[in-house]
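>>> give the three-dimensional model of this entry:
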Amino acid sequence: MKTAQIIVPVYNEEEGLRRFHEVVGGIADGLQDYAVSFIFVNDGSSDGSMSVIRALAKEDPRVKYISFSRNFGKEAAIYAGLEHSSADMVILIDADLQHPPELIPQMLSYVGSGEYDACGAKRYPGFMSRMFTSINNRMSTVKLQTGATDYMCMNRKFVNAVLSLCENQRFSKGLFAWVGYRVKWVDYVQGPRTTGKSKWNFRKLLSYAIDGITGFSVIPLRMVSFAGAVICTLAVIYIIITLIKTLVKGVDVPGYATILVILLFMGGIILLSIGILGSYIGRIFMESKDRPVYLTDETNIEKDPEQGSGSGHKT
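Prediction:
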């Protein structure tokens with residue numbers, strides 16, 4: 001019998017974890033071709049999520065868990081789950097039940113058929129999501145699926161390929177797209193949250209989008225170079241025009257407004273350029289430290305020597 005593991009990133013989901021386990025566990029029980037287990041990854045929750053996970057592990061031997069020493073972010077939780085997985089099939093799903101668990105059998109059937117290496121779920125995207133995907137796809141050779149989510153079913157080949165990409169600052173949607181292979185996309189309608197509230201806000205979404213663009217494209221750097229070249233050209237033209245006017249009409253004193261506008265414009269361009277360069281230099285700085293992606297505080301998963309380091313160290 002084939003094996004499947006369901007990876008569940010958890011951050012302050014105490015209220016809904018038992019309900020999640022009940023619903024997804026029931027679906028897992030109905031999968032006759034797969035022996036299913038769970039890997040809950042507690043991403044430094046500040047509520048009682050870890051206590052619930054420990055209780056579930058005592059009640060259900062299929063439940064395994066990893067608990068971080070602090071909050072490292074969802075991307076680290078995804079990486080940890082994949083790194084500790086060992087099943088033939090790996091399913092990545094959120095704990096809030098907004099990813100419909102009833103899609104799991106369908107996703108497994110697509111990947112299990114051998115026709116596809118992964119199956120991802122996509123929803124109708126909002127305006128900001130569509131705009132980000134459009135900008136990313138114009139600026140990067142890695143094309144993202146519009147409406148794509150982290151809800152994925154992957155075979156072992158796909159998982160190993162993702163784990164081979166060992167950068168510290170991770171953007172899973174981009175990594176899933178970068179490795180390529182054959183991916184089947186299925187549509188779903190996202191339901192409302194039944195418990196808790198979203199952990200995402202505009203600041204986090206903006207930071208996530210910037211990480212996605214700077215992690216897979218150098219076009220912003222080229223745009224800065226192009227803008228600099230255009231501004232220099234315009235400046236030379238303006239200097240020539242000014243010299244001609246001065247030679248023909250004499251000194252034109254009232255140029256204060258023009259000079260002020262040019263200085264403000266140039267200052268804005270310089271600050272924007274520094275900001276874009278800083279984003280890339282910041283990524284280089286963080287990667288050069290070679291820190292682990294996460295640190296484990298507690299786990300009930302026995303270390304497999306054939307797996308990764310199990311502590312988030314890039315190998």
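
>>> ranges for the strands of the stretch 51-200 of the chain?
63-68, 89-92, 118-122, 148-155, 183-187 (DSSP state E, counting those that start in this stretch).

>>> which among these is found nearest to Ala28?
The minimum distance between Ala28 and the strands of the stretch 51-200 of the chain falls on strand 89-92, with 9.6 Å, by Cβ to Cβ. Where you see a C-beta, it was placed from the backbone N, CA and C, and this is true even at glycine.

>>> contacts for the closest one, please.
Strand 89-92 is contacted by residues 2-7, 34, 78, 81-82, 104, 107-108, 111-112, 150-156, 159 when judged by Cβ atoms under 8 Å, 6 or more residues apart in numbering.

>>> in its sheet, what does it sit against?
Using DSSP bridges, strand 89-92 pairs in its sheet with strand 2-10 (parallel), strand 148-155 (antiparallel).

>>> switch those over to a markdown table; also include distance to Ile262.
Conversion of those to a markdown table gives the following (distance: least, Cβ to Cβ, whole Å):
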| stretch | distance to Ile262 |
| --- | --- |
| strand 2-10 | 50 |
| strand 148-155 | 43 |
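
>>> mind checking those strands for the one nearest to Leu56?
Ranked by Cβ to Cβ, the member of the strands paired with strand 89-92 that lies closest to Leu56 is strand 2-10, at 10.5 Å.

>>> mind listing what's buried along the closest one?
Of the residues in strand 2-10, 4-10 count as buried by neighbour count, 16 or more other Cβ atoms under 10 Å.

>>> can you redo the residues you listed as JSON lines with pLDDT?
Supplementary listing: those in JSON lines, determined by pLDDT from 0 to 100:
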{"residue": "Ala4", "pLDDT": "91"}
{"residue": "Gln5", "pLDDT": "93"}
{"residue": "Ile6", "pLDDT": "93"}
{"residue": "Ile7", "pLDDT": "92"}
{"residue": "Val8", "pLDDT": "92"}
{"residue": "Pro9", "pLDDT": "92"}
{"residue": "Val10", "pLDDT": "91"}
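
>>> closest one of the residues you listed to Val52?
Closest to Val52, out of all of the buried residues of strand 2-10 and judged by Cβ to Cβ, is Val10, at 8.9 Å.

>>> ok, now which ones touch the closest one?
By Cβ under 8 Å, 6+ apart, the contact list for Val10 reads 17, 40-43, 45, 49, 53, 77, 95.
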